[in-house]
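Asker: here is a sequence with its predicted model. Questions after.
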Amino acid sequence: MHSRDSRVAVHTTVLIVSCLLRVSIYLLGHLKSILIYDYFVTLHSEVQWTWGRKWGIIRTAFTVSRYCAPFNDAVNGIHFLGIITSEGLLIARVYAFSGNKKAYLIILLSFGLAILVTCVILSVLPINLNTSEVAPPCVLEGARSSALPYGFLMLFEMVLMSTTAFLRYRHYLGSHSALMRGVYRDGLSYMFCIMMISTANVIVSLCCLSRIARC
């Protein structure tokens with residue numbers, strides 16, 4: 001009786017995960033369509049503000065983060081490169097918002113480098129966060145430890161958001177500049193969206209294991 005109940009539970013779990021995988025595939029397809037649409041919508045702004053400028057760190061980071069996004073799932077290295085360049089652009093935004101004060105740049109770069117090294121180590125080391133040592137005959141297995149790098153990434157984005165808010169209320173609280181308000185509003189909105197994505201990655205990595213072992 002216990003064996004039959006276990007088989008029913010396992011079969012139900014496999015069906016649920018199969019449905020979730022299908023939903024994730026459809027969602028990924030829709031998100032890529034939105035990404036392609038965004039390319040065409042913002043192409044004129046890219047031509048106006050980016051093309052024709054000299055190649056430097058900022059333009060290189062922007063180009064890599066913009067055009068490597070569709071290939072993040074193809075190669076793991078491209079995925080990390082896209083994350084690094086995107087976070088680098090956020091650091092550059094905070095640096096510019098601080099009035100190009102090198103103290104903010106040095107602190108954020110040092111903290112970001114520490115986060116990057118930690119994420120790489122956690123991605124390489126075989127850390128097992130599964131609660132049961134002995135798995136059932138047919139179980140969901142996966143790298144729950146992948147939640148750790150996303151957790152540290154979320155921490156870094158929270159620091160960037162907090163620093164931006166601090167700079168806003170310390171230096172630009174009485175400013176009536178539309179440019180400053182736009183930079184602050186858009187920057188915080190963008191960081192908040194990225195932080196929510198990182199939060200979703202942490203939740204999915206912790207709650208849903210990544211591969212199904214065959215019975």
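Answerer: Alright, I've got the coordinates.
Asker: can you name the element that comes right after the lowest-mean-pLDDT helix or strand in the chain?
Answerer: Scoring the helices and strands of the chain by mean pLDDT, DSSP states H and E places strand 140-141 at the bottom, with a mean of 43. Downstream of strand 140-141, the next assigned helix or strand under DSSP states H and E is helix 147-171.
Asker: next, Gly174: phi, psi?
Answerer: phi -100, psi 10 (degrees, to the nearest 10).
Asker: can you give me the neighbour number for it?
Answerer: 5 (other C-beta atoms under 10 Å). For the C-beta atoms, the positions are set from N, CA and C on the backbone; glycine is no exception.
Asker: for Gly82, same thing?
Answerer: Neighbour tally, Gly82, other C-beta under 10 Å: 19.
Asker: surely it and Cys68 touch.
Answerer: Yes. Contact between Gly82 and Cys68 holds when scored by C-beta atoms under 8 Å: they sit 4.7 Å apart.
Asker: where do the strands sit along the protein?
Answerer: Taking DSSP state E, the strands of the chain run over residues 140-141, 211-212.
Asker: quick check: mean pLDDT of the last one?
Answerer: Read that as strand 211-212. When pLDDT is averaged along strand 211-212, the result is 45.
Asker: cool, stretch 47-57 as well?
Answerer: 85.
Asker: contacts for it?
Answerer: Defining contact as C-beta atoms under 8 Å, 6 or more residues apart in numbering, one finds that stretch 47-57 is touched by 59, 62-63, 88, 92.
Asker: of these, buried ones?
Answerer: 62, 88, 92 (16 or more other C-beta atoms under 10 Å).
Asker: and of those, the nearest to Ala114?
Answerer: Closest to Ala114 out of these is Gly88 (14.6 Å), distances taken as C-beta to C-beta.
Asker: need the pLDDT of the closest one.
Answerer: Taking Gly88 on its own, its pLDDT is 89.
Asker: spatially, which residue comes closest to it, not counting chain neighbours?
Answerer: Ala61 (4.8 Å; C-beta to C-beta, 6 or more residues apart in numbering).
Asker: now Cys119
Answerer: Pro149 (3.8 Å).
Asker: OK, contacts around that neighbour?
Answerer: 118-119, 122-123 are the contacts of Pro149 under C-beta under 8 Å, 6+ apart.
Asker: so which of those residues wins on neighbours?
Answerer: Cys119 leads the contacts of Pro149 on contacts (other C-beta under 10 Å) with 20 neighbours.
Asker: I'd like the distance between that one and Phe71.
Answerer: Distance, Cys119 to Phe71, by C-beta to C-beta, to the nearest Å: 20 Å.
Asker: what pLDDT does Ile36 get?
Answerer: Confidence score, pLDDT, at Ile36: 83.
Asker: and for it, the neighbour number?
Answerer: Residues near Ile36, counting by other C-beta under 10 Å, number 11.
Asker: quick check: phi and psi on the nearest residue to Met180 once chain neighbours are set aside?
Answerer: Of all residues not flanking Met180 in the chain, Tyr172 sits nearest, at 5.0 Å (C-beta to C-beta, 6+ apart). Dihedral angles of Tyr172 (phi, psi; degrees, to the nearest 10) stand at phi -120, psi 20.
Asker: and stretch 107-119, what's buried?
Answerer: 108, 112, 115-116, 118-119.
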